[in-house]
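>>> what follows is a predicted protein model with its sequence.
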Amino acid sequence: MRRLRTTASRWAAAACLAIGLVYLTLLPAAPSRVYVVMEIVIAVVAGATALKMWMHNCFESHLGAGALVAATAGSSLLAMTVGLPGEGGGDLSGTRLVLLALSAAVVVLLVQDGRVRREQALRRRRPYAR
């Protein structure tokens, strides 16, 4: 069965892609190779999730978006509160705030996508199926 691709799902895909691009801009300032690998992996996951969500808007793309949001928001919150490993204090930067805002936007947009698809499914239901 084909899933409905809504405006909210398209914006969520764009927000996932934006998260990946922000992580790619963080590459030159990475303190070690481990951070470089982590940021590349998150950027690749963000790009794949955005592409899958744009094309299919399926469960797998929503699962990838959830994992992306959890990794992004979790790492940003940890970096802002306790700081990066080996460094003291928190890092309250504009990049971290942008990542948190994009993560929140993905969650809100996916909730809106679910509402639209639910309403559409109720409208398409046959009268005898109610």
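Received, thanks. This is a predicted model, so every value here is computed, not measured. Numbering: from 1, shown residues only.
>>> shaky segments in this protein?
Applying pLDDT under 70 to the chain flags the ranges 1-2, 89, 129-130.
>>> where do the helices of it begin and end?
Taking DSSP state H as the criterion, the chain contains helices spanning 7-25, 33-55, 59-81, 94-124.
>>> identify each buried residue in the second one, please.
In this case it means helix 33-55. Under the neighbour-count criterion of 16 or more other C-beta atoms under 10 Å, helix 33-55 has 38-39, 42-43, 45-50, 52-54 buried. C-beta coordinates here come from the backbone N, C-alpha and C atoms, glycine included.
>>> nearest to Leu27, of those?
Proximity of the buried residues of helix 33-55 to Leu27 was ranked by C-beta to C-beta; the top entry is Glu39 with 5.7 Å.
>>> show me the contacts for the spatially closest residue to Ala46 that is not a sequence neighbour.
When the adjacent residues along the chain are set aside, Ala46 lies closest to Gly20, with 3.0 Å between them (C-beta to C-beta, 6 or more residues apart in numbering). Going by C-beta atoms under 8 Å, 6 or more residues apart in numbering, Gly20 touches Ile42, Ala43, Val44, Val45, Ala46, Gly47, Ala50.
>>> so the second one is in contact with Ala18, correct?
Translated: Ala43. No. Proximity of Ala43 to Ala18 does not meet the contact threshold set by C-beta atoms under 8 Å, at 11.0 Å.
>>> the residue nearest to Ala18 when sequence neighbours are not counted: neighbour count?
Once flanking residues are discounted, Ala18 sits nearest to Leu102: 5.5 Å by C-beta to C-beta, 6+ apart. The local packing of Leu102 (other C-beta atoms under 10 Å) involves 24 other residues.
>>> same thing with Cys58?
The local packing of Cys58 (other C-beta under 10 Å) involves 15 other residues.
>>> so how far is Ala79 from the closest residue in space to it that isn't next to it in sequence?
In space, Cys58 comes closest to Arg3 once its chain neighbours are excluded; the distance is 5.8 Å by C-beta to C-beta, 6+ apart. Computed as C-beta to C-beta, to the nearest Å, the Arg3 to Ala79 distance reads 35 Å.
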